[in-house]
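Visitor: build me a model:
(chains A, B, C, D and E)
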Amino acid sequence: MNYLYYPGCSLKGTGRAYDESLKAVCRALGITLSEVPDWNCCGATAYMSVEETRAHALAARNLSLADAAAADKGLKRDIIAPCSACYLVLAKTLHALDEQIETRVLVERALKAGGLDMPKAGLQVRHPLDVLVNDVGLAAISAKVKSPLKGLKLAPYYGCQLVRPYAAFDDQAHPVTMDRLMAASGAECVDFPLKTRCCGGSLTGTVPDAGLRLAYIILKEAKKRGAHAVVTVCPLCQFNLDGYQDKIAAEFEEVAMPVLYFTQVLGLALGLSERELGIQRGIVPAEPALAGRR
Amino acid sequence: MTHHDKKGAGRFEPRIVAFFCNWCTYTAADLAGVSRLKYAPNTRVIRVMCSGRVDPQFVLDAFSRGADGVLLGGCHPGDCHYAEGNYKTLRRMRLLERMLKDMGVSDGRFRLEWISGAEGEKVKTVVNDMVAKVRALGPLDLPGKFKDWDSELEGLARSVHASSKEAAHVR
Amino acid sequence: MSAKPKVGFYWCASCGGCEEAVVDLAEGVLDVVAAVDIVLWPVAMDFKRSDVEGMADKSMTVCFINGAVRTSEQEEMVRMLRKKAQFVISFGSCANSGGIPGLANQFSKETILKFVYEDCPGVDNSARTRPQTRMKDEGDRSLHLPVFRDMVRSLDQVIDVDYYLPGCPPTPKLIMGGVQALLSGKLPAKGTVLSPDVALCDECPRKDSKPTDLALTEFKRPHLAPIDPEKCILAQGFLCMGPATRSGCEALCVKGNMPCSGCFGPTSKVRDQGAKLVSCLAGSIAAKETPEIDKVLSGIPDPVGSFYRYGLPKSMLKRRIDN
Amino acid sequence: MPLQQTMRYESERDRAFADWVESITGGENVKGCIQCGLCSATCPLSIYMDYTPRRLVNLARAGFKDEVLSSFTIWLCASCYACRAECPKQIKVTDIMYALKRRAIREGSYPRRFPIPILAKEFSRMIRGFGRTPETFLVADLFLRTNWLRFLDMIGLGLNLLRTGRMSFVPESIQGRDQLRRILDSVDGESAKEERAVKEAA
Amino acid sequence: MKSASNGSGPKIGFYICHCGTNIAGTIDVEAVREHAAKLPGVAVSKGYKYMCSDPGQEMIAQDIRAQGLERLVVAACSPNLHEETFRKAAAKGGLNPFFFQMVNIREHASWVHEDKAAATQKAEDQVRAAIHRVRFHKALEKKRVPVHPDVMVVGGGIAGIHAALTAANAGKKVILVEREATIGGHMALFDKTFPTLDCSACILTPKMSAVKGHPNITLWAYSEVTKVEGYVGNFKVTVKRKPRYVKEDLCVGCDACIDACVFKEAKFPDEFNQGLSKRKPVYLSFPQATPKVVTIDPKTCIQLKTGKCKMTCAAACDRKAIDFGQKEESKEVPVGAIILTTGFDAFDPKRHEYYGYGRYPNVYSALEVERLVNASGPTGGDVVLRDGRRPEAIGIIHCVGSRDEHTNKWCSRVCCMYSLKLAHLLKERTGAQVYNFYIDMRTPGKTFEEFYDRLLKEGVQFVRGRVAEVNDWAMTREEEGRLVIRVEDTLAGFVRRIPVDMVVLSQGLEARKDALDVRRIFNIGCGSDGFFQERHPKLAPVSTFADGIFIAGACQGPKDIPDTVAQAGAAAAEALALVDAGHVEMEPNTSRVVEEECSGCKSCVPLCPYSAITFDEAKKKASINEILCKGCGVCAAACPSGSIRQNLFEDDEIFGEIEGVLS
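Guide: Next up is the predicted model:
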């Protein structure tokens, strides 16, 4: 299986472990990822706050490059975007190019100014969770699980921008795809009502009072429900939930909750090493929670 | 009706002949009226009991008499007041559409829509959408074209009428 | 003025088959010749254009004109003949409705000339020379060629026509019938097609074999599948124009085990033969879903060519529009 | 407590602003709002907002421009799309928030020293420069501009990132920087026109 | 034909209706009148304020007589409204009523266009089309067909019961068909009815027994209509009678079989109690079930599933009423009119994931609570939660599955009132703090507002806001272990979290899941909301587009019991008016074959859905049975030689219209 890969800025920085673990898991499952050549930042939520069309043009450059690369190498025209913000922004631009004629015209002109073509219909933005569960399939993954994570209790945290508003592969309020994937890894998911509640990631740096509280609510509820770790699909959520726990301890209470990527958990189940999967990159160490689970 | 509206805006106002089945689309248009929905005034409705009554000749005749578009509205498949009339319509119009295309009548000038008696809103959206699309295509104006095509006959018609003796051609 | 009625035959854009049809009257032609004076018949007798010009207006009793009108020369001749003849009879499918030459109305003049003089395999014309309507020869004499019109027309689209003899070509029986009607002076209403005003199925020998619950699941083409010589050809899935075509031919094609291709044109109640057959045939398809319907209809690869084989110029749209 | 007049005169409504709100991408259903408050109730940040999203929508569609553009609410929106997903009238509240943010930046009417608009501007500056966003730079730069005391507060986090190898020092940049600028400039040319049109309308 | 004042052909009278300002406000009626006056054949061209009024009709009739008009064109509203009116006016003037054509310039022009010039232009074009067309009209006559006097009512809820009784009391034979084992419908589930709080059973059960005992009513419960053939006045209805495995004429509903069932304990969810209690495979829905006959459920009965039961039930029945060999029966009955009263489905609250129905046991649907507060319900009217606790705080959430683009857009009309009723009953039974979460409080019925006032004074809490979620994550000590409702108190302007022990979801009303199948059987329409479509929202609220088929109650749209009963009475009256007339007149828009033109190609024969076309083997021509033909015109469109004519829609008429509209 061949996919285009759009890592996004976070996966090159704070979300490095996500990049590492996703690639490792893909290798183990026989998925080839071709990185979109010379991709640029998707623009995230911040750029959209400044200028709408420019934000679409920015994202469209990536789509155009991806489409060209797909045509060039004869790849499937599905772009894997692991970061929820990138996933949303790229999908939003695809929708806008499809639905809003004026945007389409302006973006087409802008791309032309950069010597690029409009992405053609049929190009898709996919999240690795969707690809793993719906393209590879749980049966195929289960067959490759070597060391099921018996007894590991996880709080499945999807965050907001993966499922809303565009993801068609799962429910917008109560998604279950990751729960099923984690079950295939042998782990147990606790009933977690805050699955898709915003973690405050985009605010923790700027309005800490608001952001920290949102993160705290999620972490303490995970703890209350007996989770050993929170498992997430988004580098921003991971950073936000993992990075500020000392502040949360100071402001509210100590939660000491490791925050893993779903690819890390799956990787462990597939028998990959902790180092390969970047487990050591957690600010709240996950090793104690994982010890003896494999 | 003229091709340009009376306000003199100069915008091309397409003429669209709409064949509506009595039970669904005509009723839906009635409902749009009762609901005071507003839509483009470019359609001219001809009521038939069933879309299955619409002979492809009617569609061609409307084009040849100056329609820029022809809209055909029937009940949704499975919902025909006469059980299956709309299926017959669908089959005929699939073939007619191919023929129209081969004859150079652009896609979009002929349109078949299923609009149930409850879908007043759909009458509005379909009519507005079709008017916009046909407007973008420009006038079809077959009567004008027929006249245009026949203008090549005028010279000789006059000269023969004058009983010209000049040997114009060598065989 | 001699006692015998004066008769003319003229041909425009046609294959010559209609002329053969006259000859096909066999010994009957002698009766005709005995009864009339033939004053014009370019295919068989030596008359010049000037002979026609010299005739007094309405001096010819009847002129039979076959062939469609495509060039200025044809146009001029038929206009002149209209003046000279008391009755003009449109003779055969090409004159009546454009006929096979009328299929050219699917293409622009430019497309046709370009293909014929440049792109056609076998053409060697690197200079891309095209016929010119006027040129000078070495002796500085002026040569004229007729103008190739933008479209093919039926005879009645150029001149007023009194009666129509349908068919490609009209059958001897119909020709005799027409001639006798004229000679006897028992004239039907102007504009009448001299053939029964009922569709071909009426006289088709396979009429009884057509089922009353026909639901077509495919369309076959006669050169690709065998035709059962006993059964209704349409019911076998071959496109037969019979139901939408005027009778009078005595189902010649069907008797030859080929489907009717519609040369007699529609009955008087039908304004567009092709559209009407589309309505009839497509209505009888069994499929209900668009993809299945399209699949069945894909058995008719060329709807215009099939449904308007003899009548494109007389169809409601007359010719392809965007050219 | 000083007296404050809370009554509004009809002349205080900016109808052009209300029309604009309805015209933006996502604003098409705003007239259909039934003020049920589902957006506010589902919003994880509404507890901090000066106007709940419902009230903001109501103010915006009525044309109370000053109240809307100077509200904290638009800057607190974390674009989690919860409101948009559940709104019974399918009002795209998140998209409206985006549009209000852009309008507030353009009109300079956002709350001063409030860091979110600055982050947004800084972010776009970075992208224009490098094509990618080195998060660490961005955060450091932001705090130095708004509140350098906070920067000191963040040093702990920085050290943690450094320890786990998640901090990048060198801003990554793309090859096609010129191409990207040409693309953005092309849009700018168009959007400058749009901006003028908005101003004229106002 | 006599020559007209200007031009040849028949003399045409044209009339344009101003409809007050409904038409004249948008269309320049004088311009249209003048335009028509100049058209060939038009001898009279007049306008009038209300053409449909008596003076308007009289004007037409007089002109026909005085001026010798031969054709009539009226531009006014939709022919669906007044075609018949003007046909009668024509007839009054001595003109064949089918020498008339109507132009719809109200619904199709003045009401839907704002540009006056364009609307006027459209009106002129359509008028010209009618004037072109009407020249080709032929004199026609309506056929009279006798009507079968019996009436069928489909659906045995309060609407069906009332309609059946009304028609039966008028002396008509009525067949009442009910799908479930008993009649009674949703109303039988309720304890009290709003706003009077009178006991539902007390007012319903007497009517149920009246149905059972009425000499003119045949009750077929546990039965479904599978096919309807024929046409107004002469329907042939096929009814499937499902086997109860109990002989209805023998069973007296004594319960002996139920007691004797090999299942000593009831163990299957009781549908009537919304699954809040259990029943046995042999059961009686509730004590007043009508007919009072037990039913054996083939899905749970051991004998019916395996054939290996001791059949203690059969042994216990001294009347030998149990019959495991019973088979499904199909009955065909002729009726003249049909009344559909098939009711509604309650919205499934599982569809709103964020309210936790199905996940949190203490989140209840309103129908469940109706049973819970019912004295004859599973707990005898004692309100206890699934975990046995008694609730101290209860939240009632309005508009669940109503006023929401994601589910149902409409207001379900009864939920505010039944929520108030439930709030009252719950407070009365439990003494709990009761909250109502509403978007808008809708109490527009007689004494409804007074009921709301009563609830306010009883101390029920009202929070204006649509609840976003019901969850179980606590933020404070008082929230621990309880359900938390998150809502914006829109009147206060902030968000609140309110812990409760019980949540009641006030489900909206929606069309029956199989409404689409049912409406196909009866050949009627459904609105975009899925409810059956009435012929006209104001003037024909219980009629449908299928003549002779009437609708009443919640199958037409959400409504409360008083409105349902009123509609049921109206539907019964319409049905009686039809069957009592003794005959119906059929529109003459049938098709015919012009024999001498027909080639006998048989193309038309298979196209007719009513088998009205046959092939005459002797003449070798097609022929159309006028009685069977319903006038769709499919055959006329198909006839490849143009030999089939549809009355009122002949080729010449339609071509004339096309020419007129474009000339």
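Visitor: dihedrals phi and psi, the residue of chain C most remote from its centre?
Guide: Going by CA atoms, centre = their mean, the residue of chain C most distant from its centre is residue C:139, 41.4 Å out. Main-chain torsions, residue C:139, degrees, to the nearest 10: phi -80, psi 20.
Visitor: was I right about residue C:316 contacting residue C:272?
Guide: Yes: under the criterion of CB atoms under 8 Å, residue C:316 makes contact with residue C:272 at 4.7 Å. Glycine gets a C-beta too; all of them are placed from N, C-alpha and C.
Visitor: more neighbours, the two?
Guide: Legend: neighbour count by other CB atoms under 10 Å in any protein chain shown for residue C:316 and residue C:272, higher for residue C:272 (26 against 20).
Visitor: got the phi/psi numbers for residue C:146?
Guide: Here is the backbone geometry of residue C:146 (degrees, to the nearest 10): phi -60, psi 150.
Visitor: list the contacts for it?
Guide: Residue C:146 makes contact with B:169, C:71-74, C:133, according to CB atoms under 8 Å, 6 or more residues apart in numbering or on different chains.
Visitor: and for residue C:219?
Guide: If you count contacts by CB under 8 Å, 6+ apart, then residue C:219 has C:237-239, C:296-297, C:299-300 around it.
Visitor: of these, closest to chain A?
Guide: Nearest to chain A among the contacts of residue C:219: residue C:297, at 26.4 Å, using CB to the nearest CB.
Visitor: surely the closest one and residue B:94 touch.
Guide: Yes: contact criterion CB under 8 Å: residue C:297 and residue B:94 qualify, at 6.0 Å.
Visitor: tell me the domain ranges of chain D?
Guide: Domain segmentation of chain D under automatic domain parsing yields D:10-110, D:115-192.
Visitor: for those, which has the smallest mean pLDDT value?
Guide: The weakest mean pLDDT among these belongs to domain D:115-192, with a mean of 75.
Visitor: give me the outermost residue of chain D relative to its centroid.
Guide: Among residues of chain D, the one most distant from the C-alpha centroid is residue D:163; the distance is 33.3 Å, by CA atoms, centre = their mean.
Visitor: what's the neighbour count on residue E:424?
Guide: 21.
Visitor: measure the residue in the stretch 151-294 of chain A that chain C sits nearest to to residue A:174 for me?
Guide: As assessed by CB to the nearest CB, chain C sits closest to residue A:168 within the stretch 151-294 of chain A, at 23.9 Å. Per CB to CB, to the nearest Å, residue A:168 is found 15 Å from residue A:174.
Visitor: ok, residue E:70 next?
Guide: Residue E:70 sits 72 Å away from residue A:174, going by CB to CB.
Visitor: likewise for residue E:252?
Guide: Separation of residue E:252 from residue A:174 (CB to CB): 50 Å.
Visitor: please name the residues that touch the residue of the stretch 551-663 of chain E found nearest chain C.
Guide: Closest residue of the stretch 551-663 of chain E to chain C, CB to the nearest CB: residue E:642 (2.8 Å). If you count contacts by CB under 8 Å, 6+ apart, residue E:642 has them with C:266-270, C:276, E:597, E:651.
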